[in-house]
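Asks: Sharing a model prediction with you, sequence too.
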Amino acid sequence: MDMLPIRRAILSVTDKTDLVDFAHFLDGFSVELISTGGTYQVLAQAGLKVRPVSELTGFPEILDGRVKTLHPHIHAGILASKDNPRHMQTLQDRGLAPFDLVCVNLYNFSKAVRQGLADTDAVEQIDIGGPTMLRAAAKNFYSIAVCPDPTLYSQVMQEMKKYNGSLTLAFRKRMAVTTFKATADYDSMIAKYLAGSDHIA
């Protein structure tokens, strides 16, 4: 599809710069907001109507937060092709709903690099759910938009203002390219750190 109305978004960010303003903007377009952990708390405290991921999945965050978004209620909604009737029927049959926007930025692994942490501590700063959501949304850019960095909020808002709450396919593809570059850089940084690390506990 070319024009994608943004009606449902998941937000899960480490860098909360401009998060509340961006969420208020989305709320102004009646976008349903779903969020995780600390992001949820910030949005709720700001008075925004937001649903926690655990309410959506029916399952609490476990393993010290290592598992929270790795669930069909999240990833089916991200990966479903809105142009594929079978996909949409499957969502309906399973009581699932599609997402239109994934707004995620990743754990700050560069901080672990700077601190010279032991590997057992450094690996806790390796994001799993975040890159998974980002890559899923970037793969499915025909049906969903992805925003991997707070510096891109203004572009999303500008596009939504221009197109009455929708995002074009060309814009979504550009964001997908940016996202794949970001996740590739993130993985490369981790690989280089672990390959050269002698901080094994």
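Replies: That came through fine. This structure is a prediction, so every number in the text was calculated from the model and none was measured.

Asks: which strands and helices sit next to the longest helix along the chain?
Replies: Longest helix in the chain by number of residues, with DSSP state H as the criterion: helix 169-196. Contact analysis of helix 169-196 by 3 or more CB pairs under 8 Å, 6 or more residues apart in numbering; DSSP states H and E lists helix 109-115, helix 119-122, helix 129-139, strand 145-147 as its packing neighbours. For glycine as for every other residue, the C-beta is placed from the backbone atoms N, C-alpha and C.

Asks: partner strands of the last one, parallel or antiparallel?
Replies: According to DSSP bridges, the neighbouring strands of strand 145-147, each with its direction, are strand 101-105 (parallel).

Asks: from the middle of its chain, how far away would the strand it pairs with be?
Replies: For strand 101-105, the separation from the chain centroid amounts to 3 Å (computed by CA atoms, centre = their mean, to the nearest Å).

Asks: Any idea what the most centrally placed residue in the chain is bridged to?
Replies: Most central in the chain under CA atoms, centre = their mean is residue 104, positioned 3.1 Å from the mean C-alpha point. Under DSSP bridges, the beta-bridge partners of residue 104 are residue 12.

Asks: I'd guessed residue 168 sits against residue 6; true?
Replies: No - here residue 168 lies out of contact with residue 6, judged by CB atoms under 8 Å, at a distance of 11.5 Å.

Asks: between those two, which one's more packed in?
Replies: Higher neighbour count among residue 168 and residue 6: residue 6, with 22 against 16, using other CB atoms under 10 Å.

Asks: OK, contacts around that one?
Replies: 26, 29, 31, 100, 101, 145, 160, 165, 166, 167 (CB atoms under 8 Å, 6 or more residues apart in numbering).

Asks: Turn those into a markdown table, including secondary structure, pLDDT and distance to residue 131.
Replies: Formatted as a markdown table, these follow (DSSP: H, G, I helix; E, B strand; the rest coil; pLDDT from 0 to 100; distance: CB to CB, whole Å):
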| residue | secondary structure | pLDDT | distance to residue 131 |
| --- | --- | --- | --- |
| 26 | helix | 98 | 22 |
| 29 | coil | 97 | 27 |
| 31 | coil | 97 | 23 |
| 100 | coil | 98 | 20 |
| 101 | strand | 98 | 17 |
| 145 | strand | 98 | 17 |
| 160 | helix | 98 | 25 |
| 165 | coil | 97 | 28 |
| 166 | strand | 98 | 27 |
| 167 | strand | 98 | 22 |
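
Asks: Now do the nearest residue to residue 27 once chain neighbours are set aside: how many residues are near it, please.
Replies: Spatial nearest neighbour of residue 27, excluding adjacent residues (CB to CB, 6 or more residues apart in numbering): residue 48 at 5.8 Å. Neighbourhood size, residue 48 [other CB under 10 Å]: 18.
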